[in-house]
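# predicted model and sequence below, questions to follow.
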Amino acid sequence: MNGTILKLAAQALLGRRRFWLLVALPLALIGLTVLIRALSSDPDAAWPMVSFLGFPLVLPLVAILAASSVLGPEVDDGSIVYLLAKPVSRHAVAISKWVVAWAATLVVGSLGVLVAALVAGGGSEAAGWLVAALVAGTTYSALFLALSAFTRHAVVVGLIFVLIWEGLAGGFLSGVAWLSIGQWGIQVGHAVSSELDAPVNLPWALLASLVVTVGGVWFAGDRLRSFALTGDE
Amino acid sequence: MSDRSGVIHDIGYRGYDGPREGTRSLVLSLYVTGLRHAFGLGRSGRSKVLPFLLLGLGTLPAVIVVGVVTFINFGSLPVSYAAYLSQIQMLVTLFAAAQAPVLVSRDLRHRSIVLYLARPLSPALFAVTRWASLASAILLFTVLPTLVLYVGGLLAGLDFGDETPIFLRSLALQVVLAAVLAGITGLISAWALRRGFAVVASIVVLIVVAGVVRIIQEICSYEDISTVGELAGLFSPWTLHNGLAVAWDAGGRAVVELHDAWPVVYLATALVVWAACVALLVRRFVKVGSR
Amino acid sequence: MSDLVLDKVSRWFGNVVAVNDVTMTIGPGVTGLLGPNGAGKTTLMAMMAGFLAPSSGTVTLDGEPVWRHTDAYRLIGLVPERELSFGYLTGRQFVRANADLHRLPDAAGATERILEVVDMVEPSARRIDTYSKGMRQRVKIAAALVHDPTVLLLDEPFNGVDPRQRMHLMDLLRRLGDDGCTVLFSSHILEEVERLARHIEVVVSGRHAASGDFGAIRRLMTDRPVRYSITSSDDRALAAVLIARPAVQSVNLRPQGGLEVQVSDLGTFAADLAPLTRSHGLTLFELSPSDESLESVFAYLVDR
């Protein structure tokens, strides 16, 4: 890890307009949950805000935005060479970038899910969702960082993964759960609160999350090791 | 000194003084190019992957539905036109969100828009043409699977007289839907010039908001307070489409049924949103083009 | 003192060959990498800077390959052609970050010193996105120099820099070269290279066309066959006189009047022409080279 890269990545994330989109998402989630809770007579009415919106949509969107903000633009326009033309291991660069994206995902995304869950009813179910969001947020941020290092269309590919693969395919084909970051998170959350589903099994969920996280960050570092500076398109 | 003079020699360049095509053909060719670019035609092989992948994913289930109808003799389509579209709304939205920056952001971001506008085409007309290309692309995207359903259904022996009016009504709604989607995603792409940012912003506005509306409507139908549900439906183009599709029998399904004058309100909202988006898009092009 | 050695280096992208079997050694002092646009200068630079793997051959710095070898950046300073997109940082913050990434013991001191060198102390508190093209260029150079590299690679460093700043930058590079730093800069402008570098490497269409002392290469370039168009008081008579000269390879009568003459050796021909015409009672109206562009010079070097 490298303190300077860490600082620069944090500045890249905080110093731009897109940061406001990043925080607006969970704020809107929490606001709407409060609204529903206030308007509805059913005490459980607000839970879908967490299970259908906060966890499967807001969290991965925050992770995509965070991961692509710390790496995407620099890879896109080639200015990352200023960071890479240094006697700093490229894996250290990747890890530092990931730590920033990861911290942003957890603080903005997972915390947003937790607050929404607390508003929706709290209790052990909220704790379950927090654990699920921490696990899935960690894995998402690593996967999307790897995508950002690999393709300029990282955001679109990431969205396809979340919306089409995890969303659509996950709705029709239950087997997709075995290859779904969100479902792994829910499985781990299930260990804390049985209110959450158990789509796969715990060892698989933990192992797969770990493999994707470590593998994703390592792959991002490996791509940076082979970063090629070419002319304009 | 008086003998210092200059002359531009005639080295054979000739001005063009033949017939010129009017604004109409200018707009037409810009429109056609834009429409082709939305599907990656005339661009690199890579930029064809995403639109055609999404189109394939959006049409494949329709083919499967037709296959099922052929083998098992249903009296009607198990998933009718508008309901099918709401099933693939994720794909349609992704297509609109991902391709809008292709048509709108680039010219603005690299300021090549100024070159276009140095030609005899007004910024307003340029912006509207861009919107029209995008809207047509989205329309093609939704028409293809519904057409597969319609033609396949007829070939499988569904009643022509039953299906045709439903199909035509769905087609009309698709025009409204495409117009609004193109307006919203186009406007977002004109504002957020980085592609990734624009795509995520469009997804938030279209998918996340639709999700919220849907949750609110579920709660309202459970609690039996239809007015709030009907009101909530105004906030997403998808619920506008689905609501109208049920109200006008275009083969849709919706959580909340529209009563009384609500269909008119829905249609009016769609038109207002569309007009506002196009107006703002025009304003943005005028502003950037004149800097 | 460092040597950058390219040994039989080729690089292709699909079926396009960008760099074709180039062998060269860049040593201390200022070297100019000259070539027309699209000649493969940027590709060569990228391979020298470790940002592109050669398809075949090796690029080594003091014996160590540069590709995938991050420690080489202790010695290398790189000024890419690409724009700086760290617009949200101030100039000082950006240079300081570069110093920190090199883990310099006195990063703050090194930052101030190098800002002074490139004459950027005053605007260094402003954000980079408010800078002009020339200021950005100087900040990029400051960032590349902050760790006192022994090899400095600059890709088109003078693009968009105003003449006064250009002089200043050239002075700076010349000083670095005199101090024993290996400075390599690329350019497609002959005059620019001429003013700065004694030693040049010429690449054309991905091939290594010439290398060595600038003066010697310039002479080789002038001694190439040259085409002239000449108009005189009596073209046919002049043609008869010219074709007898050994330096003249061909004479054509142009349909619109005048002669098209190809000579093998510019020096002798130019010296001979005036006395020759005078002695035959002819008058020269016009003498002009018909292919004196840099591209034709390059084309000659490659075709030879």
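Received the coordinates, thanks.
# quick one: contacts of the lowest-mean-pLDDT helix or strand in chain A?
Lowest on mean pLDDT, DSSP states H and E among the helices and strands of chain A sits helix A:170-172, with a mean of 75. Residues lying outside helix A:170-172 but in contact with it, judged by CB atoms under 8 Å, 6 or more residues apart in numbering or on different chains, are A:V176, A:A177, A:S180, A:G182, A:Q183. Yep, even glycine has a C-beta here, placed from its N, CA and C like the rest.
# correct me if wrong: the second one contacts A:P199.
Spelled out, it's A:A177. Yes: counting by CB atoms under 8 Å, a contact exists between A:A177 and A:P199, whose distance comes to 3.9 Å.
# thinking again about what came up before, can you lay out the contacts of helix A:170-172 as TSV showing secondary structure and pLDDT?
Conversion of the contacts of helix A:170-172 to TSV gives the following (DSSP: H, G, I helix; E, B strand; the rest coil; pLDDT from 0 to 100):
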residue	secondary structure	pLDDT
A:V176	helix	89
A:A177	helix	90
A:S180	coil	94
A:G182	helix	94
A:Q183	helix	94
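# pick the one among the residues you listed closest to A:S96.
The shortest gap between A:S96 and any of these belongs to A:G182, at 26.2 Å (CB to CB).
# now for A:A177 and A:P199: what residues contact both?
Listed contacts common to A:A177 and A:P199 are A:Q183; contacts here mean CB under 8 Å, 6+ apart.
# ok, and the closest non-adjacent residue to residue 18?
With no chain named, the answer covers chain A. Leaving out its chain neighbours, the residue that sits closest to A:R18 by CB to CB, 6 or more residues apart in numbering or on different chains is B:F197, at 5.2 Å.
# think we crossed wires, I meant chain C
Counting by CB to CB, 6+ apart, C:T43 is the residue found nearest to C:A18 once chain neighbours are left out, at 4.3 Å.
# relative to A:L229, how far out is that neighbour?
C:T43 sits 9 Å away from A:L229, going by CB to CB, to the nearest Å.
# got it, and B:E218?
According to CB to CB, B:E218 and A:L229 sit 52 Å apart.
# so for those two, which residue has more residues nearby?
Under the neighbour definition other CB atoms under 10 Å in any protein chain shown, B:E218 and A:L229 were set side by side, and A:L229 has more, 23 against 16.
# assign that one to helix, strand or coil.
coil (DSSP: H, G, I helix; E, B strand; the rest coil).
# how about it, what does it touch?
For A:L229, the residues meeting the contact criterion (CB under 8 Å, 6+ apart) are A:G78, A:V81, C:A46, C:A49, C:F51, C:L52, C:P80, C:R82.
# now do the contacts for the closest residue in space to C:G180 that isn't next to it in sequence.
In this structure, C:G180 finds its nearest non-sequential neighbour in C:P28, 5.0 Å apart by CB to CB, 6+ apart. Contacts here follow CB under 8 Å, 6+ apart; on that basis C:P28 touches C:M1, C:S2, C:D3, C:G177, C:G180, C:C181, C:T182.
# what stretches of chain A score poorly on pLDDT?
Under the criterion of pLDDT under 70, the regions of chain A flagged as low confidence span A:230-233.
# looking at chain B, which residue is nearest chain A?
Scanning chain B for proximity to chain A using CB to the nearest CB identifies B:G196 as nearest, at 3.6 Å.
# tell me where chain A has helices.
Counting by DSSP state H, chain A forms helices over residues A:3-14, A:18-39, A:47-48, A:59-77, A:81-84, A:90-104, A:111-120, A:123-150, A:154-159, A:170-172, A:181-192, A:202-225, given from the N-terminal end onward.
# show me which residues of chain A are close to chain B?
A:17-18, A:21, A:25, A:28, A:32, A:36, A:39-42, A:45, A:48-49, A:52-53, A:57-58, A:61, A:64-65, A:68, A:72-73, A:153-156, A:159-160, A:163-164, A:167-168 (CB under 8 Å from any CB of the partner chain).
# please, a PyMOL command that selects the buried ones among the residues you listed?
Here is the PyMOL command that picks out the buried ones among those, judged by 16 or more other CB atoms under 10 Å in any protein chain shown:
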select buried, chain A and resi 18+21+25+28+32+36+40+45+48+49+53+57+58+61+64+65+68+72+73+153+154+155+156+159+160+163+164+167+168
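# tell me how far the residue of chain B closest to chain A lies from chain C.
From B:G196 across to chain C, the span is 14 Å (CB to the nearest CB, to the nearest Å).
# same deal with B:E218?
As for B:E218, its distance to chain C is 43 Å (criterion: CB to the nearest CB).
# shouldn't that residue be in contact with A:W47?
No: assessed by CB under 8 Å, B:E218 is found out of contact with A:W47, at 11.4 Å.
# and the residue of chain B that's closest to chain C?
For chain B, the residue closest to chain C is B:R194, as judged by CB to the nearest CB, at 11.1 Å.
# now that residue: closest residue in space, sequence neighbours ignored.
With CB to CB, 6+ apart as the measure, A:P73 is the residue that lies nearest to B:R194, at 7.0 Å, once sequence neighbours are left out.
# list the contacts for that neighbour?
Residues near A:P73 by CB under 8 Å, 6+ apart: A:A12, A:S79, B:R194, C:S85.
# ditto for A:T151
A:V157.
# torsion angles phi and psi at it?
Backbone torsions for A:T151, taken as degrees, to the nearest 10, come to phi -140, psi 150.
# on the three-state scheme, the nearest residue to B:I207 once chain neighbours are set aside is what?
Once flanking residues are discounted, B:I207 sits nearest to B:T93: 5.7 Å by CB to CB, 6+ apart. Reducing the assignment at B:T93 to three states with three-state DSSP gives helix.
# ok, now the one 5 residues further on?
On the three-state scheme (three-state DSSP), B:A98 is labelled helix.
# and it, how many neighbours?
Other residues within reach of B:A98, judged by other CB under 10 Å, total 25.
# how confident was the prediction at it?
B:A98 is assigned a predicted lDDT (pLDDT) of 93.
# can you tell me how far the nearest residue to C:H147 once chain neighbours are set aside is from chain B?
Spatial nearest neighbour of C:H147, chain neighbours left out: C:H102 (4.1 Å); criterion: CB to CB, 6+ apart. Taking CB to the nearest CB as the measure, C:H102 falls 30 Å from chain B.
# how about C:H102, phi and psi?
Here the main-chain torsion angles of C:H102 (degrees, to the nearest 10) amount to phi -90, psi 0.
# now do the contacts for it.
By CB under 8 Å, 6+ apart, C:H102 lies in contact with A:K86, A:P87, C:Y73, C:R74, C:V146, C:H147.
# wait, what's in contact with the third one?
When you say that, I think you mean C:Y73. Remark: with contacts taken as CB under 8 Å, 6+ apart, C:Y73 is in contact with A:A85, A:K86, A:P87, C:G50, C:H102.
# one more time with 6 Å
For C:Y73, the contacting residues are A:A85, A:K86, A:P87, taking CB atoms under 6 Å, 6 or more residues apart in numbering or on different chains as the criterion.
# report pLDDT for it.
Residue-level pLDDT assigned to C:Y73 equals 92.
# not counting its neighbours along the chain, what's nearest it?
The spatial neighbour of C:Y73 that comes closest, neighbours along the chain excluded (CB to CB, 6+ apart), is A:P87 at 4.8 Å.
# can you give me the neighbour number for the one you found?
Other residues near A:P87 number 16, with proximity taken as other CB under 10 Å.
# ok, now B:A100?
Applying other CB under 10 Å, we find 30 residues neighbouring B:A100.
# hmm, it is touching B:G186, no?
Yes: between B:A100 and B:G186 there is a contact at 5.3 Å, judged by CB atoms under 6 Å.
# which residues do the two both contact?
Counting by CB under 6 Å, 6+ apart, the residues touching both B:A100 and B:G186 are B:L134.
# so is the helix or strand hosting C:L115 next to chain A?
Counting by DSSP states H and E, the element that carries C:L115 is helix C:107-117. No: Helix C:107-117 lies apart from chain A when judged by CB under 6 Å from any CB of the partner chain; the minimum separation is 9.3 Å.
# brilliant, that's me finished.
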